[in-house]
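any chance you can model this:
(2 chains)
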Amino acid sequence: MTKVSIATWNVNSIRARLNVLLKWLKKSKPDILLLQELKAQEDDIPRTELEDLNYNFITFGQKAYNGVAILSKYPVSDITYNLPNFNQDKQSRYIEGFINIDRKGIRVASIYAPNGNPINSEKYSYKIEWLKKFCNHAEKLLEFEEYTFLGGDFNICPKSLDTADENLLINDAIYTTGVKNLYKKIINLGYYDSFRNINPDMPGFTYWDYGQSFKNDIGVRIDHFLLSPYALDKIDKIYVDKEPRAWEKPSDHTPLVLEIEI
DNA sequence: ATGGTGGCTGTGCCA
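Here you go, the predicted structure:
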């Protein structure tokens, strides 16, 4: 049996967050970290600083916006950039790889779903289209019967427990019926919302807007780890690490951390 | 709480 820690974190710019990211990595030492919102093209991504901590760093950058990556102490193979059924997507929002751990392995994906605001816009219809394609791909992945960890910023607040006040989310694209139904659809394929599965009553916020929101704990749970049934069986612990949200120059998101034994 | 913040960009867009 091998203990493995896997985290997901929307860093809101890998360059602006480099020091915070390095500090958290040195303290928490996750084996795998799924990153979102790099906000940098490939040439502008700081690599050596992270590789010097003995991580493999698989990146899918984009100028100014989006961008996702996988940091892994273990070798990564079978890497996919973009959803395979949406490989013409111009926005870098999905990267998937197989992490080789001893003679076993797990499949992970780092996901940055579109925000989709305002509703009744092209950005909202793109979000719906993107989530539908993600749903179709997630269904395909289940056929492999692997340990699958789909982690990232889904930009979906699934239920009222996942927000400080659902009235703040009226007309927000993270909380529309259509978006929440797509989340349910993914769950109904056979995935588990691992945080909610293990903590049925804890809000588990992962995002607080800049300003006074963190101080007042006006947050939302929009970063998730969706797990295949095999993967769910392997969980030791899952928790939100709120510490780096309180540091200087923080991201507006904070890491969601999984500890497994395979 | 539809911007009071923050990041990247290029004189605005996105979250």
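
now do the helices in chain A.
Remark: helices assigned in chain A by DSSP state H are A:18-28, A:48-51, A:122-142, A:177-190, A:194-198, A:229-232.

with mean neighbour count and mean pLDDT added, can I get those helices in TSV?
Every C-beta, even on glycine, is put in place using the N, C-alpha and C of the backbone. Written out in TSV, the entries for those read as follows (neighbours: other C-beta atoms under 10 Å; pLDDT from 0 to 100):
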stretch	mean neighbour count	mean pLDDT
helix A:18-28	16	98
helix A:48-51	14	97
helix A:122-142	17	97
helix A:177-190	15	98
helix A:194-198	19	98
helix A:229-232	18	96
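
what's the closest of these to DNA strand B?
With C-beta to the nearest atom of the strand as the measure, helix A:122-142 is the member of the helices of chain A nearest DNA strand B (5.3 Å).

isn't A:Gly116 right up against A:Ile174?
Yes - A contact is recorded between A:Gly116 and A:Ile174 when judged using C-beta atoms under 8 Å, the distance being 7.4 Å.

common neighbours of the two, please.
By the contact definition C-beta atoms under 8 Å, 6 or more residues apart in numbering, A:Gly116 and A:Ile174 are jointly contacted by A:Asn155.

quick check: chain neighbours aside, which residue is closest to the most centrally placed residue in chain A?
Centroid-nearest residue in chain A, with C-alpha atoms, centre = their mean: A:Gly152, separated by 0.9 Å. In space, not counting the residues next to it along the chain, A:Gly152 is nearest to A:Ile111; the distance is 3.2 Å by C-beta to C-beta, 6 or more residues apart in numbering.
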